[in-house]
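> Give me a model of this one.
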Amino acid sequence: MSETAVKPAPQYRRFTVDDIDAAHGLSVAVRWPHRPEDWRFAVDAGTGFVAEENGVVIGTALCWKFGADRATLGMVIVSPDEQGRGIGRKLMELVVEELGERVTFLHATPAGQPLYEKLGFTACGTLTQHQGTVEQAPELVLLQGETLRVATAADLPALIDLASRGCGLDRSATLPALLDVAQGGVVLERNGEITGFALARRFGRGYAIGPVVAAPSADHTRAKALVSHWLAQHVGNFVRIDVPGGAGIEAWLPTVGLVPVDAVVKMVRNASAAQHSGEPDAAWRAYGIINQAMA
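Okay, the predicted model is just below:
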């Protein structure tokens, strides 16, 4: 009588930079667009865990700490051949333990949402991924009295403040690191005061725009101007932007070539969903995020 072989439990350990190539292989297997360079940026900014079997990485989960009491998690991947063994849950439990009582956010696919709910996360928003190849430069429209210019090193403190207020997470370490890998940034200005900014960088199949943060304006003209600037720089290129639900530019983006291709649910743990379902700061709005993992 034959017996069904039962695989031993995988080993779990800290993620190291030496795991980047293996992690990239996992993301390719599940058809995520991340390049090894995108993984390195994520790993350098955070921490995480891998599941390993016979020396082969078969699962990953990363997290990022912001300030004293906030965090995000993401890059939760299990090899398609190893799913259904509880590996994703164990990796999530390790990350949740790492983050403790921090108010923690993630973006969940429909397949992942039930697991996250079991671990104490509740839905508090949505996010839509828009992307496409830019066929032509959109018209750049500015509010009267405002100008658009290239960001300089002197702008960094203000940009950190606006980025932090726009997403509700401390960006004092993240934004300088992002600028190191970005093509650069642009700011909107009125009478010497910054009214919005946006960065763009290489990512995945092409380029990503984000973060995009601006003071709300009629018809969201500021956000559209910031996005239009970067689209004009990338005619003929593939571009992606991830937009929080209710930002106000979702209907406009397809008109400039960035169509919606996916939607995920924003979730929070260690805080009520109602507390985090609106804008973190009434004066500033995030129209585009860094990425779904680091938000």
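
> Am I right that Val76 is in contact with Thr60?
Yes - taking contacts as Cβ atoms under 8 Å, Val76 lies within contact range of Thr60: 7.1 Å. Yep, even glycine has a C-beta here, placed from its N, CA and C like the rest.

> Those two: who's more crowded?
Thr60 (27 against 24; other Cβ atoms under 10 Å).

> need the contact list for the more buried one.
Shown in contact with Thr60 (Cβ atoms under 8 Å, 6 or more residues apart in numbering): Phe15, Asp19, Ala23, Leu26, Gly48, Phe49, Val50, Ala51, Met75, Val76, Ile77, Leu91.

> Of all pairs in these, which one spans the longest distance?
Spatial extent of these (Cβ to Cβ) is set by the pair Asp19 and Val76 at 14.4 Å.

> ranges for the strands of the protein?
Listed in chain order, the strands of the chain (DSSP state E) span 11-14, 47-53, 56-66, 70-78, 103-108, 122-133, 147-150, 182-190, 193-203, 206-214, 238-244, 259-269, 285-288.

> which of these is buried the deepest?
Ranked by mean neighbour count, the strands of the chain are led by strand 285-288 with a mean of 27 (mean count of other Cβ atoms under 10 Å).

> need the contacts of Thr60 in a markdown table with distance to Ala283 and pLDDT, can you?
Shown next, in a markdown table, are the contacts of Thr60 (distance: Cβ to Cβ, whole Å; pLDDT from 0 to 100):
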| residue | distance to Ala283 | pLDDT |
| --- | --- | --- |
| Phe15 | 37 | 98 |
| Asp19 | 41 | 98 |
| Ala23 | 38 | 98 |
| Leu26 | 40 | 98 |
| Gly48 | 34 | 98 |
| Phe49 | 38 | 98 |
| Val50 | 41 | 98 |
| Ala51 | 43 | 98 |
| Met75 | 32 | 97 |
| Val76 | 33 | 97 |
| Ile77 | 37 | 97 |
| Leu91 | 38 | 98 |
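
> quick one: which of those residues is nearest to Leu199?
Using Cβ to Cβ, the contacts of Thr60 come closest to Leu199 at Met75, 20.4 Å.

> Wait, that closest one touches Met294, no?
No - in this structure, Met75 is not within contact of Met294 by Cβ under 8 Å, at 9.5 Å.

> what's the overlap in contacts for those two?
Ala42.

> could the strands of the chain be laid out in a markdown table, adding distance to His220?
What follows is the strands of the chain, written out as a markdown table (distance: least, Cβ to Cβ, whole Å):
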| stretch | distance to His220 |
| --- | --- |
| strand 11-14 | 42 |
| strand 47-53 | 35 |
| strand 56-66 | 26 |
| strand 70-78 | 25 |
| strand 103-108 | 22 |
| strand 122-133 | 14 |
| strand 147-150 | 15 |
| strand 182-190 | 12 |
| strand 193-203 | 10 |
| strand 206-214 | 8 |
| strand 238-244 | 11 |
| strand 259-269 | 16 |
| strand 285-288 | 7 |
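
> what's near enough to touch Asn291?
Ala42, Gly74, Phe203, Ala208, Gly210, Asp242.

> So this protein: which segments form each domain?
11-101, 130-262+271-288 (automatic domain parsing).

> need these in a markdown table with distance to Phe121, can you?
Converted to a markdown table, these look like this (distance: least, Cβ to Cβ, whole Å):
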| stretch | distance to Phe121 |
| --- | --- |
| domain 11-101 | 9 |
| domain 130-262+271-288 | 9 |
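
> how much space is there between the residue nearest to Pro80 when sequence neighbours are not counted and Ala274?
Sequence neighbours aside, Ala29 is the residue nearest to Pro80 in space, at 5.7 Å (criterion: Cβ to Cβ, 6 or more residues apart in numbering). Using Cβ to Cβ, to the nearest Å, we find Ala29 at a distance of 38 Å from Ala274.
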